[in-house]
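Peer 1: model the following, please.
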Amino acid sequence: MSKIIGIDLGTTNCCVAYLEGGEAHVIPNQEGARTTPSIVAFTDKGERLVGQLAKRQSLINPRGTLYAVKRLIGRKYESAEVTEARNRLPYELVNAPNGDIRIKITDKDLAPPEISAIVLQKLRDAAEAFLHEKVMEAIITCPAYFNDSQRQATRDAGIIAGLEVLRIINEPTAAALAYGLNKQKAETIAVFDLGGGTFDISILELQEGVFKVLSTSGDTYLGGEDFDQRIMEHLIEEFKHTTNIDLHNDKMALQRVKEASEKAKCELSTAVETEVNLPFISGDKTGPKHLVTKLSRSKLEQLCDELLERTRGPCEQALKDAKLAPDQIDTVLLVGGQTRMPKVASVVEKIFGKIPNNSINPDEVVAIGAAIQGSIIKGEVQDLILMDVASLSLGIETKGGTFTKVIERNTPIPTNKSMTFTTVQDNQKMVRVHVLQGEREIAEMNKSLGVFMLTGIPESPAGTPHIDVTFTIDANGIVDVTAVDRASGNKQEIQISASSGLTETEIQRMIESAREFSDEDKARKEMIKWQTRLESLIASSQASFNEVQNLLKAEDRRTFEAAMEEAKKVVTKTDPSELKIAHDHLELAARAISNSLMEMFGAQQKQQGKPAEPAPTEQKQS
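Peer 2: From the prediction side, this is the model:
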């Protein structure tokens, strides 16, 4: 039976893990790193790069380098978050006909789940190479406060990557699983998860192998990217003040400032001051301009103070929903790369009144927890039970444009709940069921998940029909809604499965495209392998030949020179079979030279080591 992998699909970095023998292991990627940048790049040559390779070339290819895509997944083009992203991101976002987002890449548009699938595909390939077996099943994590559209889009990304997504689980819940795997002590914990793009706070009760989520809250548009942005704006404003040059219109300069901002932020986690040095960032008629300045930790904290304060509200809401006071929390776990910022720990300490626990690796713990959940599903871990909750309320639009909740947020899942509704007009033959998710009292202020019509209602006075609307949330937090008219028995239902913005046809097309790219990637990898081998052989063989060519027979020289000429012609070609043939020919020619030289030196040694003829001696006369 193949292993189930756990994947933390992060905004900035991803991680993949598995469980074996009761112990969790992080799987390194193809470059040997334990985390993979969530970056995909498309080059002018038609290449597709993923992870660290994509990150390295981002300075020279800002428009073709896609990062922070998780912040776009499952959102509408006209949403406030996407409007803000359009003004900030170097790549182009376009509006799809249904109002969803597409990312413009040269001659085609790609959906955010399609980009995320490319990253997931790399993680799957890394797992298969490491485990030496086919990997088909995965647990993928998402922010606890993701709505249904965002969860569906995350699931779609996994499917496009060729994975069977067994479960979508919340990141803080996964972190709690990893933290409590081998702990027997009963305790109440808060998981403070501040990652690259999202913030979650979940409160859980751990007792005798049962992980019960009591409440969850958060902000799906608050994370390390925002901290980087604050530093960027500070540096750009300071540069403009001294040079009168605005860098906002220079995509390459912006990318350089972004990378420098992220680097400075990371350095200030351990240092109290760092230098930002970007030579030749711009220029004017007086000559080139350089951005060189100092940034202190205190200045960073000042720039990001408002962002840190935004974490307080969700924490207080989570405590209120769990009906707990801060002093009833035993442990606060820090999860997510942004929690390495010292100020984060001090803010958390003020909110909960205790020093947070930073003993777990914030970059790896979520993937490890996902792997544990996979082993629970598989039956390998039998003494753990996970009980999660709905992160947002679910309901329908009712008379006057109000939102009537059927399932309240923080209800344990999986669950289902029914509520009876009626008509508002006499002889009404159909009703429109508008499914919503959120916490606002006005329907239009919440997230629309879908609309369907229940028809065939018998004519009767307003308020007479009984229409039962049932919401079902599965273990992944994904929703089904059914409406039934009691009198006629007519029934309509909707599974909120297309709310990611992708139809089944689009998903299948993307799966095929991913397979094609996978084949291309493998072919390119094979090509690079043989190109590298041939280049190395050309260099080493040429050096050896130059040293001994005067000692060789004319026939050996001609054979080698012909093989070398063929190799140099072929080395830039893309067909792996041609490269391999040229490599083998050159290798045979080099080996023939080596054998010929060995024979020659052997003959010389034999000649030198032959016993000398004895000199004649004078015979004594007896």
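Peer 1: where do the helices sit along the stretch 151-300 of the chain?
Peer 2: 171-180, 224-243, 251-267, 297-303 (DSSP state H, counting those that start in this stretch).
Peer 1: reformat the ones you listed as JSON lines; add distance to Pro342.
Peer 2: The C-beta positions use only the backbone N, C-alpha and C, and glycine is treated the same way. Putting these into JSON lines (distance: least, C-beta to C-beta, whole Å) gives the following:
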{"stretch": "helix 171-180", "distance to Pro342": "20"}
{"stretch": "helix 224-243", "distance to Pro342": "13"}
{"stretch": "helix 251-267", "distance to Pro342": "12"}
{"stretch": "helix 297-303", "distance to Pro342": "7"}
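Peer 1: which of those sits closest to Leu552?
Peer 2: Taking C-beta to C-beta, helix 251-267 is the member of those nearest to Leu552, at 52.6 Å.
Peer 1: packing partners for the closest one?
Peer 2: In terms of contacts (3 or more C-beta pairs under 8 Å, 6 or more residues apart in numbering; DSSP states H and E), helix 251-267 is packed against helix 224-243, strand 273-284, strand 287-296.
Peer 1: pick the most deeply packed of these.
Peer 2: helix 224-243 (a mean of 19; mean count of other C-beta atoms under 10 Å).
Peer 1: quick one, it and helix 251-267 angle?
Peer 2: Counting by axes from the mean of the first three to the mean of the last three C-alpha atoms, to 10 degrees, helix 224-243 lies at 120 degrees to helix 251-267.
Peer 1: between the helices and strands packed on helix 251-267, which one is closest to Thr188.
Peer 2: Nearest of those (C-beta to C-beta): helix 224-243, 27.5 Å.
Peer 1: switch the helices of the stretch 151-300 of the chain over to CSV; also include distance to Ala582 and mean pLDDT.
Peer 2: Putting these into CSV (distance: least, C-beta to C-beta, whole Å; pLDDT from 0 to 100) gives the following:
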stretch, distance to Ala582, mean pLDDT
helix 171-180, 50, 92
helix 224-243, 47, 96
helix 251-267, 39, 95
helix 297-303, 55, 97
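Peer 1: quick one, which of those is nearest to Thr505?
Peer 2: helix 171-180 (30.7 Å).
Peer 1: for stretch 330-340, the distance to its chain's centre please.
Peer 2: Computed by C-alpha atoms, centre = their mean, to the nearest Å, the chain-centroid distance of stretch 330-340 equals 19 Å.
Peer 1: list the buried residues for that stretch?
Peer 2: Neighbour counts over stretch 330-340 (16 or more other C-beta atoms under 10 Å) mark Thr331, Val332, Leu333, Leu334, Val335, Gly336, Gly337, Gln338, Thr339, Arg340 as buried.
Peer 1: mean confidence score for that stretch?
Peer 2: For stretch 330-340, the per-residue pLDDT values average out at 95.
Peer 1: contact partners of it?
Peer 2: 12-13, 171-172, 175-176, 179, 187-196, 199, 223-224, 227, 266, 269, 344-345, 348, 352, 354, 356-358, 360, 362-363, 365-366 (C-beta atoms under 8 Å, 6 or more residues apart in numbering).
Peer 1: quick one: buried ones out of those?
Peer 2: Buried among these by 16+ other C-beta under 10 Å: 12-13, 171-172, 175-176, 179, 188-196, 199, 223-224, 227, 266, 269, 344-345, 348, 352, 356-358, 360, 362-363, 365-366.
Peer 1: tell me which of the residues you listed fall in strands.
Peer 2: Counting by DSSP state E, those place Asn13, Thr188, Ile189, Ala190, Val191, Phe192, Asp193, Leu194, Phe199 in strands.
Peer 1: low-confidence ranges in this structure?
Peer 2: 1, 476-477, 496-504, 507, 510-511, 513-522, 524-525, 601-622 (pLDDT under 70).
Peer 1: so Thr404: helix, strand or coil?
Peer 2: Three-state call for Thr404 (DSSP: H, G, I helix; E, B strand; the rest coil): strand.
Peer 1: can you offset everything so residue one is 54?
Peer 2: Yep, numbering from 54; the last one is Thr457 now.
Peer 1: so who does the nearest residue to Glu328 once chain neighbours are set aside touch?
Peer 2: Counting by C-beta to C-beta, 6 or more residues apart in numbering, Lys347 is the residue found nearest to Glu328 once chain neighbours are left out, at 5.7 Å. If you count contacts by C-beta under 8 Å, 6+ apart, Lys347 has them with Glu326, Thr327, Glu328, Val329.
Peer 1: of those residues, which is the nearest to Lys108?
Peer 2: Val329 (18.8 Å).
Peer 1: list the contacts of that closest one.
Peer 2: Leu288, Ala313, Ser314, Ala317, Leu344, Val345, Thr346, Lys347, Leu348.
Peer 1: if we go to 6 Å?
Peer 2: Applying C-beta atoms under 6 Å, 6 or more residues apart in numbering, we find Val329 in contact with Ala313, Ala317, Thr346, Leu348.
Peer 1: and the contacts of stretch 597-605?
Peer 2: Phe613.
Peer 1: buried residues in that stretch, which are they?
Peer 2: Phe598, Leu605.
Peer 1: what do you get for stretch 445-461?
Peer 2: Buried, per 16+ other C-beta under 10 Å, within stretch 445-461: Leu445, Ser446, Leu447, Gly448, Ile449, Glu450, Phe456, Thr457, Lys458, Val459, Ile460.
Peer 1: okay, now it: how far is its last residue from its first?
Peer 2: 7 Å (C-alpha to C-alpha, to the nearest Å).
Peer 1: and stretch 217-237, by the same measure?
Peer 2: 32 Å.
Peer 1: picking that back up, nearest to Asp527 among the contacts of Val329?
Peer 2: For these, the nearest to Asp527 is Ala317 (43.6 Å; C-beta to C-beta).
Peer 1: wait, that closest one touches Arg350, no?
Peer 2: No: with contact defined as C-beta atoms under 6 Å, Ala317 does not count as touching Arg350 (10.1 Å).
Peer 1: which helix or strand contains Ser471?
Peer 2: Using DSSP states H and E, Ser471 sits within strand 468-474.
Peer 1: quick one: strands adjacent to that strand?
Peer 2: Looking at strand 468-474 with DSSP bridges, its partner strands are strand 520-526 (antiparallel).
Peer 1: buried stuff in the partner strand?
Peer 2: Ile520, Val522, Phe524, Thr525, Ile526.
Peer 1: so which strand or helix has the nearest residue in space to Ala378 that is not next to it in sequence?
Peer 2: The shortest distance from Ala378 to any non-neighbouring residue, by C-beta to C-beta, 6+ apart, is to Leu372 (7.0 Å). For Leu372, the host element (DSSP H and E) is helix 365-375.
Peer 1: contacts for that helix next, please.
Peer 2: Ile254, Ile256, Leu267, Ser268, Ser270, Gly271, Ile404, Asn463.
Peer 1: quick revisit: take the buried residues of stretch 383-393 and lay them out in a markdown table including distance to Arg309 and secondary structure.
Peer 2: Below are the buried residues of stretch 383-393 laid out as a markdown table (distance: C-beta to C-beta, whole Å; DSSP: H, G, I helix; E, B strand; the rest coil):
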| residue | distance to Arg309 | secondary structure |
| --- | --- | --- |
| Thr384 | 41 | strand |
| Val385 | 37 | strand |
| Leu386 | 35 | strand |
| Leu387 | 30 | strand |
| Val388 | 30 | strand |
| Gly389 | 26 | coil |
| Gly390 | 21 | helix |
| Gln391 | 22 | helix |
| Thr392 | 27 | helix |
| Arg393 | 23 | helix |
